[in-house]
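# task: produce atomic coordinates for the following.
(one chain, ligands or ions: 1)
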Amino acid sequence: MLIFKQIKDLQKHLKSVANQGQTIGFVPTMGALHKGHISLIKKSKKESDCTVCSIFVNPTQFNDPKDFEKYPSTIEEDILKLSAVKCDILFLPSVKEMYPDGTGNKRKIDFGSLAKVLEGEHRPGHFDGMAQVVERLLRIVKPDLLFMGLKDYQQQLIVSKLIEKRKLKVKLIALETMREKDGLAMSSRNVRLDKKARKLAVEISKTLLGAKREIRNTEYEILKIQERALQRLQSFKGIEVEYFEVRNAKTLMPPEKKFEKLIALTAVKIGGVRLIDNLKL
Ligand code: AMP
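Model (predicted):
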């Protein structure tokens, strides 16, 4: 695997890759890689000729400075994991390399209500920072295919809108959430859970699954199902619920009609660690 820290070196190499008619698949990450990330790399390897993974803990998307400071970094292990699945290129830029003119954002995109609800409401500025770095990365790497996880459901909807609004020539492929055996969605933040918090964290996916089961077996009583799920999560001492919402899977607005595609999305804090998850209903 080739490792690049400088944009110009990466671009020089990628130009020769593209000139040979090879397609480029791209997996942007913030590192502390787990099987969820690796599933994206594997898919990219299948679908494209050259796979680029980036590891960059983007400061502009952290609304909470403590969350940024505590974000896990396991670069040596990450390199081993990427090499093991034969990732072709790792892009490992510094903050200065990504933001040579500082982290100010003069080209904010209006994503409308999509970026104002759920994560947008609870993490002010998060999506502006995320879109800022994803656009920069896409303009640097110029991939044919972009691989992202449905674990960050709202994020991939916003990136899809970013691609459309900026008329970028890349196809977004969103992949299923990889889970631990007990159902907990894999996340870099899981390593920060202590034993007690890890045990409690299983209740997130259990509650989502419970809501899914209820929707299948009952009439269209979404608000009641949402309320019951919220109360269930809140009943655990040690789980601080930010939201549990059933929404339209395309717009993320509260559902209005029967037979809309629905998704349940939740964010909680357990032992000081913020976790998100979702499930299509
Ligand atoms: P992150 O490093 O958390 O920014 O994630 C990088 C990419 O991996 C994003 O597209 C995430 O949606 C995706 N991802 C994170 N966790 C999982 C998971 N458990 N399963 C599949 N993809 C994931």
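
# residues in contact with the longest helix anywhere in the chain: which ones?
For the chain, the helix with the greatest residue count under DSSP state H is helix 195-217. Applying Cβ atoms under 8 Å, 6 or more residues apart in numbering, the external contacts of helix 195-217 come out as 179, 182-185, 190, 193, 222, 225-226, 228-229, 232-233, 236, 238-239, 244, 246, 262, 264, 266, 268, 270-271, 273, 275, 277-281. For every residue, glycine as well, the C-beta is placed using N, CA and C.

# residues in contact with Lys45?
Taking Cβ under 8 Å, 6+ apart as the test, what Lys45 contacts is 25, 51, 85-87.

# same for the ligand: which of those residues are within range?
With Cβ under 6 Å from any ligand atom as the criterion, the contacts of Lys45 include none near the ligand.

# just the buried members of those?
Buried subset of these (neighbour count, 16 or more other Cβ atoms under 10 Å): 25, 51, 85, 87.

# among the residues you listed, which are in strands?
Among the buried ones among the contacts of Lys45, the residues falling in strands (DSSP state E) are 25, 51.

# return the set of buried residues in the longest helix of the chain.
Buried, per 16+ other Cβ under 10 Å, within helix 195-217: 197-198, 200-201, 203-208, 210-212, 214-215.

# tell me, how many residues neighbour the residue nearest to Pro143 when sequence neighbours are not counted?
Nearest residue to Pro143, sequence neighbours excluded (Cβ to Cβ, 6 or more residues apart in numbering): Phe26, at 3.5 Å. Phe26: 27 surrounding residues under other Cβ atoms under 10 Å.

# ditto for Ser160
So Ser160, with other Cβ under 10 Å, has 16 neighbours.

# contacting residues around it?
Leu172.

# what strand or helix carries it?
helix 153-165 (DSSP states H and E).

# buried ones in that helix?
153-163.

# got it, and stretch 81-99?
81-82, 85, 87-93, 97-99.

# any chance you could map the strands in the chain?
Going by DSSP E, the chain shows strands at 2-4, 24-29, 50-55, 89-91, 145-149, 171-175, 239-248, 262-270, 273-280.

# contacts for the fifth one, please.
Strand 145-149 is contacted by residues 23-28, 36, 40-41, 43-44, 47-48, 138, 155-156, 159, 163, 170-178 when judged by Cβ under 8 Å, 6+ apart.

# what angle sits between that strand and helix 153-165?
160 degrees (axes from the mean of the first three to the mean of the last three Cα atoms, to 10 degrees).

# just checking: what are the partner strands of strand 145-149?
strand 24-29 (parallel), strand 171-175 (parallel) (DSSP bridges).

# alongside the ligand, which residues does the stretch 51-200 of the chain contribute?
Close to the ligand, as judged by Cβ under 6 Å from any ligand atom, the stretch 51-200 of the chain has residues 148-149, 151-152, 175, 177-178, 185-188.

# looking at these, which two lie furthest apart in space?
Distance extremes for these: the farthest pair is Leu175 and Ser188 at 16.4 Å, using Cβ to Cβ.

# so how many other residues sit close to Ile55?
Ile55: 23 neighbours (other Cβ under 10 Å).

# residues contacting the closest residue in space to it that isn't next to it in sequence?
Distances taken as Cβ to Cβ, 6+ apart place Gly31 nearest to Ile55, at 4.0 Å, with adjacent residues excluded. The contact partners of Gly31, by Cβ under 8 Å, 6+ apart, come to 55-57, 72-75, 78, 188.

# nearest the geometric middle of this structure, what residue?
Centroid-nearest residue in the chain: Asp152, 3.6 Å away (criterion: Cα atoms, centre = their mean).

# that residue contacts Asp277, doesn't it?
No - counting by Cβ atoms under 8 Å, Asp152 sits too far from Asp277 to count as a contact (10.1 Å).

# so what's Gly238 up against?
196-197, 200, 270-271.

# for the strands paired with strand 145-149, which one ends up most surrounded?
strand 24-29 (a mean of 25; mean count of other Cβ atoms under 10 Å).

# next, the angle from that strand to strand 50-55.
20 degrees.

# how far away from the center of its chain is strand 24-29?
Here strand 24-29 is found 13 Å from its chain centre; the criterion is Cα atoms, centre = their mean, to the nearest Å.

# same deal with stretch 117-125?
Counting by Cα atoms, centre = their mean, stretch 117-125 comes out at 14 Å from the chain centroid.
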